[in-house]
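1. Provided below for reference: sequence and predicted model.
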Amino acid sequence: MQMVLWSIVAGGQFWLSGRRSFLATRALLAILQVGFIPDTGMTVADTLSALMGAGFLQMCGVLDYAGWRWLFLIEETIIVNRVLREDPSKSEMHNRQPITPKLLWKCLKDYDLWPLYIIGLVFQIPMVLESQYLALSLRQMNFNTFASNLLSIPNTVIHSE
């Protein structure tokens, strides 16, 4: 259910109309994705998504919509299709459980895990900050959106796990 709601909100970005709707959808996405841990295949997925995103952004003007709107609409269509095909009730492996506030608090109180949290923060901060601001930095260096997306691919590949 959480994945379906996330998908609907992600696809709803097609109809963004301003700063408020952008911030509202981004906040909803953040809330809905809590509890999902990316697998090791994320590097490949990030690389492919950068290439696909660059292509979708070139759809600017198709049916009088901006390219970024098409990006969200196509992404939502793919995710809904995948969720419908990969229904967890069709399998025997149910190891993905949502993180409840009670479970989160229990984990935070477990001081044996604190060194793991610190290591995760120390090793992830350099890569995460760089990757989050890379596109903005490239745009400030006068690269267009298409080139910025393509130039982010080496960063993703180099920092793969």
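-> Here it is on my side, so go on. Numbering: from 1, shown residues only.
2. avg pLDDT for the host helix or strand of residue 102?
-> Using DSSP states H and E, residue 102 maps to helix 101-109. Mean per-residue pLDDT for helix 101-109: 84.
3. cool, and stretch 19-28?
-> 83.
4. report the distance from the helix holding residue 102 to the chain centre.
-> Distance of helix 101-109 from its chain centroid, counting by C-alpha atoms, centre = their mean, to the nearest Å, is 24 Å.
5. and stretch 12-31, by the same measure?
-> With C-alpha atoms, centre = their mean, you get 14 Å for stretch 12-31.
6. identify the residues contacting the helix holding residue 102?
-> With C-beta atoms under 8 Å, 6 or more residues apart in numbering as the test, helix 101-109 has contacts from residue 113. C-beta coordinates here come from the backbone N, C-alpha and C atoms, glycine included.
7. which parts of this protein are helices?
-> For the chain, applying DSSP state H gives helices covering 2-12, 19-33, 42-57, 67-85, 101-109, 114-140, 145-158.
8. okay if I get those as TSV plus mean neighbour count?
-> Converted to TSV, the helices of the chain look like this (neighbours: other C-beta atoms under 10 Å):
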stretch	mean neighbour count
helix 2-12	17
helix 19-33	13
helix 42-57	16
helix 67-85	16
helix 101-109	10
helix 114-140	12
helix 145-158	16
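9. quick check: pLDDT value at residue 43.
-> The model's pLDDT for residue 43 equals 58.
10. again with residue 6
-> 78.
11. which residue packs closest to it, ignoring adjacent ones?
-> Spatial nearest neighbour of residue 6, chain neighbours left out: residue 32 (4.1 Å); criterion: C-beta to C-beta, 6 or more residues apart in numbering.
12. my guess is the one you found meets residue 9, correct?
-> Yes - with contact defined as C-beta atoms under 8 Å, residue 32 and residue 9 form a contacting pair (6.2 Å).
13. okay, stretch 16-32 in PDB with CA atoms only?
-> Taking C-alpha atoms only, stretch 16-32 is exported to PDB below (Å, rounded to 0.1, in the frame of the first residue of the first chain):
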ATOM      1  CA  LEU A  16       2.700  20.600 -10.400                       C
ATOM      2  CA  SER A  17       1.600  24.200 -10.700                       C
ATOM      3  CA  GLY A  18       4.100  26.100  -8.500                       C
ATOM      4  CA  ARG A  19       6.400  26.200  -5.600                       C
ATOM      5  CA  ARG A  20       3.700  25.100  -3.000                       C
ATOM      6  CA  SER A  21       2.600  22.100  -5.000                       C
ATOM      7  CA  PHE A  22       6.300  21.100  -5.500                       C
ATOM      8  CA  LEU A  23       7.100  21.300  -1.800                       C
ATOM      9  CA  ALA A  24       4.000  19.500  -0.800                       C
ATOM     10  CA  THR A  25       4.600  16.600  -3.200                       C
ATOM     11  CA  ARG A  26       8.300  16.400  -2.200                       C
ATOM     12  CA  ALA A  27       7.300  16.300   1.500                       C
ATOM     13  CA  LEU A  28       4.700  13.500   0.800                       C
ATOM     14  CA  LEU A  29       7.300  11.500  -1.100                       C
ATOM     15  CA  ALA A  30       9.800  11.800   1.700                       C
ATOM     16  CA  ILE A  31       7.100  10.600   4.200                       C
ATOM     17  CA  LEU A  32       6.000   7.700   2.000                       C
END
